[in-house]
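# Build me a structure from this.
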Amino acid sequence: MKPIAVLSGDKRQDYICQYLSKTGYPAYMKSTLDFNKDQYIICSTPIMKKGKYLNCDFYSSFPMDTFVSLLKPGQTVFGGSLPKNLMHVNDIRFVDVLNDENVVWNNSVLTAEGLVAYIIQHTDFTINNANILILGFGKCGINIARTLSALSGKISVYDHTSIHLTQARAYGYEGIIYEDLEKHMDKFDIIINTVPKEIVHEIHYCKMKNSCILFEIASAPYGLNKDFALKHHLSLITCPGIPGATAPKSAGELIAKSIISYLERTEINGS
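Residues are numbered from 1 along each chain as shown. Prediction:
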């Protein structure tokens, strides 16, 4: 097997490289963009920043299009949150590690655990008995609710799909439909958004108590409005890439295992 280049980025990249190396794969850290001798290239998760630049730590604004132009036919590129247009580049295979359900689920577990640290750091009250609203009950929402409930937080959930609200109620949480959000807003001590889409509007911010702390864990374009939060004197804490920030070893090894699984499958299938 030809060398596996792990593009230098956050600490997850270091742990990806270490895990691949100790399991027998020829991985090494890459701090240049010369990929002539590489068969596999492991980029960051997410692969892009600010919607157009390659996410690496040695260039602050290297255009993604330029990165793609440096690749050679037959190479395979791994990364997270790959834009759809990359999938149509001829003779180069792009693999989104976040299409692996095991990675996504376990990342949500790491996110929930890491969020506890953010909450403790940015509040002057305990999670115990705090009234907490979680916006979105997908994988992240489920694990955040389970984690905070285990710490005796009082959990309410909003989701736009009835099946998710039914699931939330089955877990013992209060499920709130959109039409009822406004009248519930003044009771929450913590509001956590997991959806990369604006859900609550200014009429909801008006109802929040000033002591309520907002936590944004969704990716861009986010779901909480910082201008409305500022206007209504609310604290909004943005928590980007929690797994990479609070558990980079676990997050990196999780990605490395997914890549190994992919490599083993392609070797068996001869593709």
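# contacting residues for residue 243?
Applying CB atoms under 8 Å, 6 or more residues apart in numbering, one finds that residue 243 lies in contact with 12, 107, 110, 111, 114, 250, 251. Where C-beta positions appear, they are placed from N, C-alpha and C, glycine not excepted.
# SS state for it?
Reducing the assignment to helix, strand or coil with DSSP: H, G, I helix; E, B strand; the rest coil, the entry for residue 243 is helix.
# if I look at it, how far off is residue 15?
When CB to CB, to the nearest Å is the yardstick, residue 243 and residue 15 sit 11 Å from each other.
# Could you name every residue contacting both of these two?
Residues touching both residue 243 and residue 15 comprise residue 251, with contact defined as CB under 8 Å, 6+ apart.
# Phi first, then psi, for residue 216.
Dihedral angles phi and psi of residue 216 (degrees, to the nearest 10) take the values phi -100, psi 110.
# list the contacts for it?
Residue 216 sits next to 193, 222, 223, 224, 236, 237, 238, 239 when contact means CB under 8 Å, 6+ apart.
# Which of the three states applies to residue 91?
For residue 91, the assignment made with three-state DSSP gives coil.
# Give me the buried positions along stretch 85-101.
Applying a neighbour-count criterion of 16 or more other CB atoms under 10 Å, the buried positions in stretch 85-101 are 86, 92, 94, 95, 96, 97, 98, 100.
# Report the distance from it to the chain centre.
The offset between the C-alpha centroid of stretch 85-101 and the centroid of the whole chain comes to 18 Å, using CA atoms, centre = their mean, to the nearest Å.
# That one: end-to-end distance?
Distance across stretch 85-101, first residue to last, is 22 Å (CA to CA, to the nearest Å).
# then stretch 59-73 to PDB, C-alphas only?
Coordinates of each C-alpha in stretch 59-73 appear next as PDB, following Å, rounded to 0.1, in the frame of the first residue of the first chain:
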ATOM      1  CA  TYR A  59      -3.000  27.700   5.400                       C
ATOM      2  CA  SER A  60      -5.700  30.000   6.700                       C
ATOM      3  CA  SER A  61      -7.400  30.500   3.300                       C
ATOM      4  CA  PHE A  62      -6.400  27.900   0.700                       C
ATOM      5  CA  PRO A  63      -9.200  27.600  -1.800                       C
ATOM      6  CA  MET A  64     -10.900  24.200  -1.900                       C
ATOM      7  CA  ASP A  65     -11.000  24.300  -5.700                       C
ATOM      8  CA  THR A  66      -7.200  24.700  -5.800                       C
ATOM      9  CA  PHE A  67      -6.800  21.800  -3.500                       C
ATOM     10  CA  VAL A  68      -8.900  19.600  -5.800                       C
ATOM     11  CA  SER A  69      -6.800  20.700  -8.800                       C
ATOM     12  CA  LEU A  70      -3.700  19.300  -7.100                       C
ATOM     13  CA  LEU A  71      -5.100  15.800  -6.800                       C
ATOM     14  CA  LYS A  72      -4.200  13.000  -9.200                       C
ATOM     15  CA  PRO A  73      -6.400  10.300 -10.800                       C
END
